[in-house]
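# only the shape, not the letters, is given here:
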């Protein structure tokens, strides 16, 4: 049960506390922010509504703690991260329960997310020791016109205070993917847990789901014994602390995963490094020579896992006309076997995160209906629960062809050439991932090169991971690259120390 047992320290009454200076605190505001259960559509949890003054204090403490942490040996940083990873796995069940109640994640997937997060933290600890334990040594005579009178020692140093903002759909895994690299690199970390990054301009909603799972996760880092003030976790209303945090002069780096909010953050943040993943309209191109059984299985997995609420979900299928009927038939057969219901029962399709999200998805469906799309299943909705729906014969004039539904609705566009598929993919303002199904590796590589996306999967659905793989988007899908190694490297900066010799010196054997 959330906030029970070992986690009893993080809740007072009905409201979960925020974390600052190594302590669990209640806000001076006296206010709380409700978290709505997507299944019941009733308040499940409440978190503190932190004030701007409390954010200022958190930033001040984080800055001080970081200076001491930067002097902590790499092996010691890694040791503490390994402890946190073990604690995450030990307490996977209560954290997973929060995911089930807050974001309607199927129970088995919720446990998998927590275990995966522990593995990520451990891998990051090892990778950080390796890549941060090496520097670079340059000599001046490699550049024309110079003698060997200068030695340059190049090292990687921390940025300072990293602000992490995870999304609602992976509030544990995509939090630790920011926390662990920041800490191993010598930074302090402030997690904004309740302003999860999935605000869409067309929905005009700031989500709080995932905050309680994140607070439980942070408690594992607390138990691991990290220095006071090094890690902070604030919660609150976006209107009160959202922009205040992202524009705070004490922030030296922002790592954000979510939606359109990231574009606004990038315009306000100032001259600091940004790491952002902002969603996608991931296209699945299926050629005539594709293994249709394999393609159909991946379309269903990629399009409907976690009810399509994934940045890397298949969001549009672009299939050659000659094999479209066969593909649609096989996909429909698999869709019919998907279970629909509450996350506690491990159903394949569970409620989407909010009522406004469901309304938005329904708007896309109705637009497609009015414009003549073929409904392969009857459209059915109960509250936030939307049954899986495949839309065939979708045309480019339909909103669903371009907009990201973030739900269990998948459009199929029939194409007459590979070029037509590539054109549709590249005409999108997104560029996160895509995939291509073909038995011809030469075609696959040519199409991959032509697709304007951060990653292309060949003969598999789009996916983030394994977590050490690079993960990035182009265009409106993001800035920078994630993945453990890339995240560590973006959370450090280069410093050079140059030794000047009075006379040239060349090392002799």
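Received, thanks. These numbers were taken from a predicted model, which means no experiment stands behind them. Numbering: from 1, shown residues only.
# rest of the way, CA atoms for contacts and neighbours
Fine.
# without its sequence neighbours, what residue ends up closest to residue 402?
Spatial nearest neighbour of residue 402, chain neighbours left out: residue 428 (6.6 Å); criterion: CA to CA, 6 or more residues apart in numbering.
# swap in residue 376?
Spatially, and ignoring its direct neighbours in sequence, residue 376 is nearest to residue 390 (5.5 Å; CA to CA, 6+ apart).
# ok so, going back, surely the residue nearest to residue 402 touches residue 283?
No. Taking contacts as CA atoms under 8 Å, residue 428 lies outside contact range of residue 283: 9.7 Å.
# mind checking which of those two has more residues around it?
For the pair residue 428 and residue 283, the greater number of neighbours falls to residue 283 (30 against 18), based on other CA atoms under 10 Å.
# might one say that the more buried one is in contact with residue 312?
No. If you go by CA under 8 Å, residue 283 and residue 312 don't touch, sitting 9.7 Å apart.
# for the stretch 301-450 of the chain, just list every one of the strands.
Taking DSSP state E, counting those that start in this stretch as the criterion, the stretch 301-450 of the chain carries its strands at 316-320, 374-375, 381-382, 385-386, 389-392, 409-415, 433-437.
# okay, those strands in TSV with distance to residue 348, mean neighbour count and mean pLDDT next?
Output for these, formatted as TSV (distance: least, CA to CA, whole Å; neighbours: other CA atoms under 10 Å; pLDDT from 0 to 100):
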stretch	distance to residue 348	mean neighbour count	mean pLDDT
strand 316-320	20	26	98
strand 374-375	20	16	98
strand 381-382	15	12	98
strand 385-386	12	24	98
strand 389-392	13	22	98
strand 409-415	14	24	98
strand 433-437	22	28	98
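# report all helices and strands that the lowest-mean-pLDDT helix or strand in the chain contacts.
None of the helices or strands of the chain scores lower by mean pLDDT, DSSP states H and E than helix 261-268, at a mean of 92. Helices and strands touching helix 261-268, by 3 or more CA pairs under 8 Å, 6 or more residues apart in numbering; DSSP states H and E, are helix 243-246, strand 274-277.
# deepest in the core, which of those is it.
With neighbours defined by mean count of other CA atoms under 10 Å, none of the helices and strands packed on helix 261-268 is more surrounded on average than strand 274-277, at a mean of 25.
# just checking: what are the partner strands of that strand?
According to DSSP bridges, strand 274-277 forms sheet pairs with strand 253-257 (parallel), strand 478-479 (antiparallel).
# about what we covered before: and the residue nearest to residue 376, how far is that from residue 49?
Distance, residue 390 to residue 49, using CA to CA, to the nearest Å: 41 Å.
# same deal with residue 280?
Distance, residue 280 to residue 49, using CA to CA: 31 Å.
# and these two? Which one has more around it.
For residue 280 versus residue 49, the count of surrounding residues by other CA under 10 Å is larger for residue 280: 31 against 26.
# was I right about that one contacting residue 311?
Yes. With contact defined as CA under 8 Å, residue 280 counts as touching residue 311 (5.7 Å).
# for the residue nearest to residue 376, give me its contacts.
332, 375-377, 409-412 (CA atoms under 8 Å, 6 or more residues apart in numbering).
# how about CSV for those, with distance to residue 302 added?
Formatted as CSV, these follow (distance: CA to CA, whole Å):
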residue, distance to residue 302
332, 14
375, 19
376, 18
377, 18
409, 11
410, 10
411, 13
412, 13
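# residue 473 versus the nearest residue to residue 378 once chain neighbours are set aside, what's the distance?
With sequence-adjacent residues excluded and distances taken as CA to CA, 6+ apart, residue 378 is closest to residue 389, at 7.5 Å. Here residue 389 is placed at a distance of 27 Å from residue 473 (CA to CA).
# go on, residue 411?
Separation of residue 411 from residue 473 (CA to CA) stands at 22 Å.
# buried residues in the least confident helix or strand of the chain?
Within helix 261-268, the residues that count as buried by 16 or more other CA atoms under 10 Å are 261-262, 265-266.
# who touches stretch 236-256?
Under the contact criterion CA under 8 Å, 6+ apart, stretch 236-256 has outside partners 32-33, 47-52, 55, 59-60, 63, 159-167, 178, 194-195, 197, 206, 262, 265, 268-270, 272-277, 491.
# please check the residues you listed and keep the buried ones.
Buried by 16+ other CA under 10 Å: 32-33, 47-52, 55, 59, 63, 159-167, 178, 194-195, 197, 206, 262, 265, 269-270, 273-277, 491, out of the contacts of stretch 236-256.
# which residues of the stretch 351-500 of the chain fall in helices?
Using DSSP state H, counting those that start in this stretch, the helices found in the stretch 351-500 of the chain span residues 355-370, 418-427, 441-450, 484-490.
# mean neighbour count, those helices: which tops it?
It is helix 484-490: most buried of the helices of the stretch 351-500 of the chain by mean count of other CA under 10 Å, with a mean of 22.
# ok, residues contacting that helix?
Residues outside helix 484-490 that contact it (CA under 8 Å, 6+ apart) are 120, 123-124, 127-128, 177-178, 181-182, 184-185, 273, 275, 467-470, 481.
# now do it: distance to the chain's middle.
Centroid displacement of helix 484-490 relative to its chain, using CA atoms, centre = their mean, to the nearest Å, is 14 Å.
# ok so, going back, buried ones only from the contacts of helix 484-490, please, as a ChimeraX command.
Buried residues within the contacts of helix 484-490, by 16+ other CA under 10 Å, are selected in ChimeraX with:
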select :120,123,124,127,128,177,178,181,182,184,185,273,275,467,468,470,481
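# which ones among the contacts of helix 484-490 are found in strands?
Residues from the contacts of helix 484-490 lying in strands, with DSSP state E as the criterion: 275, 481.
# my guess is residue 118 meets residue 81, correct?
No. Using CA under 8 Å, residue 118 makes no contact with residue 81, being 9.3 Å away.
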